[in-house]
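J.: Next come a sequence and a model predicted from it.
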Amino acid sequence: MSNELLEALNILEQEKNISKETLLEAIENSLVTACKNHFGKSDNVKVEIDPETCAFSCYQEKTVVDTVEDPVEEISLADAHKVNGNYQLGDIVRVEVKSKEFGRIATQNAKNVILQKIREEERKVIFDEYNSKEKDVVTGVVQRYIGKNVSINLGKADALLTESEQIKGEVFKPTERIKVYILEVKSTSKGPKILVSRTHPELVKRLFESEVTEVKEGIVEIKAISREAGSRTKIAVWSNDPNVDPVGACVGMNGARVNAIVNELRGEKIDIITWDENPAILIQNALSPAKVISVIADADEKSAKVVVPDYQLSLAIGKEGQNARLAARLTGFKIDIKSETQARESGDFMDYENDYEEDDYDDDYDYSDEELAENERLADTEQADVQAEAFDTEADENGAAGTENDAADSGDEQ
């Protein structure tokens, strides 16, 4: 058995990365327990394994006495002298257990321990591998739906995409390859439990890191992200190299880079704006593609008053307040948007020089005709007031967690 065990341990060490010493220690401990139960219930049973040859030896340590009362723990002086003539009363004699029963026990225990250790070490190796990828993006293969959750194979382990982490309306087919963000890796007795997400803002950030070399190398930084998964994301970027345009780098030639990310997110729109340390400029950029006449930002109160041309109000607010809501989360400011007319009527706005024409905005900001019609309806003076107030409240209450996360991300990047 020794040669077979030695060969098996060497193979496991090479192929499974399980050290021979770890396995030998586990086998030795297991044999001690087994031998105690079979040959004696005291602590006088010892097992030794030669690490070079994997040869087993089992001993009972017995005390030399005149008269033996407990043969499990005691040995007569005469019997002790058969082992070594120098033993005296009170000495400890190591008596080797030589029986076929020990050989059978040793073989079975070694087999069981090896199998158990293989499973434990494999689980540990897999856990360590995916735990190191926590907060990162990986590619997986869709396996099946488990209720409303989705099981995704990541190669060496399966991950769970829960309903709450799925993009609304997204449907997966078996064998489909998708990118997911690893939220958390938990160690369990059955192996690692991996939770993944398709809605987390960091998914977008990691996708940009993989698609945009300048982001990966740290030349361009993603300072903040706000996302409504499946619909639209805004990211604020900054370049550490004055010769590199951060927005252009992220968009890529003919939009190749950003389009690759949009396709991965099933058509989710992505607005890329330039980060600025000046809150007013940052807010103006964040409300893109709407044109802004003026921004008054209160850094202490984290609030801002924004005035836009009348014909840009619906664009600034966005469908159901989305553009303004995302801008608020991106900047961390509560934003109150008013049209020029509303600002003049409320006395919040003085005369200005209007440099914008009605067709002076980004036609590529693709609203459908129905969306534009709805936005125009919201741009009616009374409706716009209600909408602006509604999105402010919602940005405060519902977007608070997102704002804090975005702000934390921004601080980490700085």
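T.: Happy to help now that I have it.

J.: Sketch out the low-pLDDT regions of this structure for me.
T.: 1-2, 36-43, 98-103, 106, 110, 348-414 (pLDDT under 70).

J.: Determine the longest helix present in it.
T.: For the chain, the helix with the greatest residue count under DSSP state H is helix 100-131.

J.: elements contacting that one?
T.: helix 2-15, helix 20-39, strand 56-65, strand 177-188, strand 191-197 (3 or more Cβ pairs under 8 Å, 6 or more residues apart in numbering; DSSP states H and E). In this view, the C-beta of every residue, glycine as well, is placed from N, C-alpha and C.

J.: and the angle from the longest one to helix 100-131?
T.: Right, the one you point to is helix 20-39. 140 degrees (axes from the mean of the first three to the mean of the last three Cα atoms, to 10 degrees).

J.: Centre of the chain to the helix or strand containing His81, how far?
T.: In this assignment (DSSP states H and E), His81 forms part of helix 77-83. A distance of 66 Å separates the centroid of the chain from that of helix 77-83, by Cα atoms, centre = their mean, to the nearest Å.

J.: go on, stretch 237-255?
T.: With Cα atoms, centre = their mean, you get 27 Å for stretch 237-255.

J.: what's next to it, contact-wise?
T.: Stretch 237-255 is touched from outside by 208, 211-212, 214-215, 218-223, 235, 257-259, 272-275, with contacts defined as Cβ atoms under 8 Å, 6 or more residues apart in numbering.

J.: what comes up buried for the helix holding His81?
T.: Buried residues in helix 77-83, counted by 16 or more other Cβ atoms under 10 Å: Leu77, Asp79, Ala80.

J.: What number of residues are in the vicinity of the closest residue to Glu301 other than its chain neighbours?
T.: Spatial nearest neighbour of Glu301, chain neighbours left out: Lys334 (7.9 Å); criterion: Cβ to Cβ, 6 or more residues apart in numbering. The criterion is other Cβ atoms under 10 Å. On that basis, Lys334 has 19 neighbouring residues.

J.: Kindly report the same for the one 4 residues further on.
T.: Counted with other Cβ under 10 Å, the burial measure for Lys338 works out to 24 neighbours.

J.: Around the closest residue in space to Gln60 that isn't next to it in sequence, how many other residues sit close by?
T.: In space, Gln60 comes closest to Val95 once its chain neighbours are excluded; the distance is 4.9 Å by Cβ to Cβ, 6+ apart. The local packing of Val95 (other Cβ under 10 Å) involves 15 other residues.

J.: helix/strand/coil for Val95?
T.: Look at Val95: counting by DSSP: H, G, I helix; E, B strand; the rest coil, its state is strand.

J.: May I see the buried residues of stretch 140-151?
T.: Neighbour counts over stretch 140-151 (16+ other Cβ under 10 Å) mark Gly140, Val142, Gln143, Val150, Ser151 as buried.
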